[in-house]
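In: okay, sequence plus prediction incoming.
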Amino acid sequence: MGIVSKVRNFACLLSGHGVELGRQAWDREYQQGQWQYLHGLDQRPRYSVIVGYLLYFKPGAAVLDVGCGEGILQRMLAPVGYRRYVGIDFSGPAIQTARSGAEPRSTFHECDAATWQPTELFDAIIFNEALYYFRDPTDMLHRYEKALKADGIFVVSMYWRAGNTGRIWSKIDRHYPCLHQTKLTCGPAQTWVIKVLTRRGARVEG
């Protein structure tokens, strides 16, 4: 991972509420290969948990991937199947790469997730290491909840820092019931929390 991304991620986590980044910074980092580490083996367990959750809770789903990057999740989902996949990302180079591996059931949009307006409903909306980059992560969930079907789910993955992403999770947990969660550690220092959330006000059987 490039030093720019390391510093940026640390600043993001330290803030406890997310940061908003310029399009040029995203494009430059993708062009320079600073996000290639996401294709590595150490990241695969995290993606596999997300795929497993989708297969269990929403097999054959219509999926929206917010902050999809180069479309890694779409490529991992393709062999097991989905009805529809839509990926959105701020970075043009990332979307260009994602489109190069797309199939007819998938669509990728270069856009700002904070202002993009979905035109369809989804069974599952994914925020995979994306939510804490927004100024108010919980507001982003509120915004995209409008694009969830009545029985739809969010799947959210965030790199774990107890005092920082922990605060984000505490706020989210006050609004969105959790159907299941996984805390995943890969290697000596990489830990993620991945949760399946349902709509606000939904009743969750214990």
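Out: Great, that's in hand.

In: quick one: neighbours of T119, just the number.
Out: 7 (other C-beta atoms under 10 Å). The way it works is simple: take the backbone N, C-alpha and C, and place the C-beta from them, glycine included.

In: so it: helix, strand or coil?
Out: Classification of T119 using DSSP: H, G, I helix; E, B strand; the rest coil returns coil.

In: mind checking how far it is from I153?
Out: Counting by C-beta to C-beta, to the nearest Å, the gap from T119 to I153 is 20 Å.

In: again, but for R143
Out: 16 Å.

In: more neighbours, those two?
Out: I153 (26 against 18).

In: for the residue nearest to K146 when sequence neighbours are not counted, give me its contacts.
Out: Distances taken as C-beta to C-beta, 6 or more residues apart in numbering place P118 nearest to K146, at 7.6 Å, with adjacent residues excluded. Taking C-beta atoms under 8 Å, 6 or more residues apart in numbering, we find P118 in contact with L64, V86, Y144, K146, A147.

In: mind redoing it with 10 Å?
Out: Taking C-beta atoms under 10 Å, 6 or more residues apart in numbering, we find P118 in contact with L64, V66, V86, I88, H109, I125, R143, Y144, K146, A147, L148.

In: what comes up buried for the lengthiest strand in the chain?
Out: For the chain, the strand that runs over the most residues, judged by DSSP state E, is strand 148-159. Neighbour-count burial for strand 148-159 flags L148, K149, G152, I153, F154, V155, V156, S157, M158, Y159 (criterion: 16 or more other C-beta atoms under 10 Å).

In: with adjacent residues omitted, what lies nearest to Q43?
Out: Nearest residue to Q43, sequence neighbours excluded (C-beta to C-beta, 6+ apart): Y37, at 7.0 Å.

In: neighbours around that neighbour, how many?
Out: So Y37, with other C-beta under 10 Å, has 12 neighbours.

In: now it: how far from K149?
Out: Y37 is 34 Å from K149, by C-beta to C-beta.

In: also L41?
Out: 34 Å.

In: quick one: the helices in this protein?
Out: Using DSSP state H, the helices of the chain run over 3-15, 23-31, 44-57, 72-77, 92-100, 137-145, 165-173.

In: how about those helices in CSV, adding mean pLDDT?
Out: Output for these, formatted as CSV (pLDDT from 0 to 100):
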stretch, mean pLDDT
helix 3-15, 40
helix 23-31, 71
helix 44-57, 95
helix 72-77, 94
helix 92-100, 91
helix 137-145, 95
helix 165-173, 93
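
In: closest to G187 out of those helices?
Out: helix 44-57 (9.9 Å; C-beta to C-beta).

In: elements contacting that closest one?
Out: strand 62-66, helix 72-77, strand 122-128, strand 148-159, strand 178-186, strand 190-198 (3 or more C-beta pairs under 10 Å, 6 or more residues apart in numbering; DSSP states H and E).

In: in that helix, what's buried?
Out: Here helix 44-57 shows P45, R46, Y47, V49, I50, V51, Y53, L54, F57 as buried, counting by 16+ other C-beta under 10 Å.

In: what's the burial count for Y30?
Out: 22.

In: hmm, it is touching I95, no?
Out: Yes. With contact defined as C-beta atoms under 10 Å, Y30 reaches I95; the gap is 9.3 Å.
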